[in-house]
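Q: coordinates for the following, if possible.
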Amino acid sequence: MSKVNLDLKQMFEAGVHFGHFKRRWHPNMSNFIHSIHNGRCIIDLTATKQALEEILPIITAAVSQGNKVLMVGTKRQTKSLIEETASALSMPYVTNRWVGGMLTNNATINIRIKKLKDLEQKMASGELVSKYNKLEVQNYQKTIDNLNRLYGGIKEMNKLPGLVFITDMQTNAIAVTEANKLNIPIVALADTNVDPTLATYPIPANDDALRSLELIINLISEAIKTGQNQLSKSVESEADEQEVVNQSKEV
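A: Below you'll find the predicted structure:
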């Protein structure tokens, strides 16, 4: 991965350093706290930069090997940002309530996703419209919409992700638990009120302010893009090598 410009001034201006009030801090975040100002924890941005310098290449390497990154952000200020970013990268995402078992109960989740896809196919083909009255069709559409709210972001996730990126560990404690149970590496923002040891790769940072979220998510996005480019080049190279082998056999 090419060197990423991790500008401390840019992080400062984005408010990455603003943590919660000391009364809400988690003791395991002490190594990442620079100081206390007006009762509020100030995150050490040099620790944030160091974490990103370690983590971004790991994300790139995982994606370059064909792994997916499941992006999770269910807070109001995070939802649209995660959905837009993940969709643009063709990565799975969860932006509404995390449904228990999304990772650990694959069989049940797959049944629900199959139901969603079947209903979408029947609605698109006109099969439901031709068989049922208007009210019944509306009810089917409501079912489709509800299932999409819960599973729409993961309905093309055909296998477990190689990494899980979580913007709000406290809100998505179940996601953290499930990923850890399956030994799926977790990259997560760690604000001063969470336990960073629950993430494989914690990023000490403000997980509430939109500008902070945008900055970190953009960096994660660029790391994923770099990995996708490397994967694409690798696939092309293998195809070229195979073509050479085939041509040599023909001679």
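Q: every contact and neighbour count from this point should use C-alpha atoms.
A: Noted.
Q: all the helices of the stretch 1-150 of the chain, in order from the start?
A: 8-13, 45-64, 79-89, 106-125, 127-131, 134-151 (DSSP state H, counting those that start in this stretch).
Q: how about those helices in JSON lines, adding mean pLDDT and mean neighbour count?
A: Listed next are the helices of the stretch 1-150 of the chain as JSON lines, based on pLDDT from 0 to 100; neighbours: other CA atoms under 10 Å:
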{"stretch": "helix 8-13", "mean pLDDT": "94", "mean neighbour count": "14"}
{"stretch": "helix 45-64", "mean pLDDT": "97", "mean neighbour count": "19"}
{"stretch": "helix 79-89", "mean pLDDT": "97", "mean neighbour count": "17"}
{"stretch": "helix 106-125", "mean pLDDT": "95", "mean neighbour count": "15"}
{"stretch": "helix 127-131", "mean pLDDT": "95", "mean neighbour count": "14"}
{"stretch": "helix 134-151", "mean pLDDT": "96", "mean neighbour count": "15"}
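Q: what's around the closest residue to Gln77 other than its chain neighbours, how many residues?
A: Residue nearest to Gln77 in three dimensions, not counting chain neighbours: Leu210, with 6.4 Å by CA to CA, 6 or more residues apart in numbering. Leu210 has 15 neighbouring residues, counting by other CA atoms under 10 Å.
Q: quick check, Leu210 in contact with Thr78.
A: Yes: counting by CA atoms under 8 Å, Thr78 is a contact partner of Leu210 at 7.5 Å.
Q: the helices of the stretch 1-150 of the chain: which one's closest to Ala188?
A: helix 45-64 (10.1 Å; CA to CA).
Q: check the offset of that closest one from the chain's centre.
A: 14 Å (CA atoms, centre = their mean, to the nearest Å).
Q: switch the helices of the stretch 1-150 of the chain over to a markdown table; also include distance to Ser232.
A: Shown next, in a markdown table, are these (distance: least, CA to CA, whole Å):
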| stretch | distance to Ser232 |
| --- | --- |
| helix 8-13 | 31 |
| helix 45-64 | 8 |
| helix 79-89 | 13 |
| helix 106-125 | 28 |
| helix 127-131 | 39 |
| helix 134-151 | 28 |
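Q: of those helices, which is nearest Met71?
A: helix 79-89 (6.7 Å).
Q: contact partners of that closest one?
A: For helix 79-89, the external contacting residues (CA atoms under 8 Å, 6 or more residues apart in numbering) are 71-73, 92-96, 153, 214, 217, 221, 224-225.
Q: then it to CSV, C-alphas only?
A: Written as CSV, here are the backbone C-alpha positions of helix 79-89 (Å, rounded to 0.1, in the frame of the first residue of the first chain):
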residue,chain,number,x,y,z
LYS,A,79,-25.7,5.0,8.7
SER,A,80,-25.7,6.9,5.4
LEU,A,81,-21.9,7.2,5.3
ILE,A,82,-21.3,3.5,5.9
GLU,A,83,-24.0,2.5,3.3
GLU,A,84,-22.7,4.8,0.6
THR,A,85,-19.1,3.8,1.2
ALA,A,86,-19.7,0.1,1.4
SER,A,87,-22.0,0.1,-1.7
ALA,A,88,-19.4,2.0,-3.7
LEU,A,89,-16.8,-0.6,-2.7
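Q: fine by me, we can end here.
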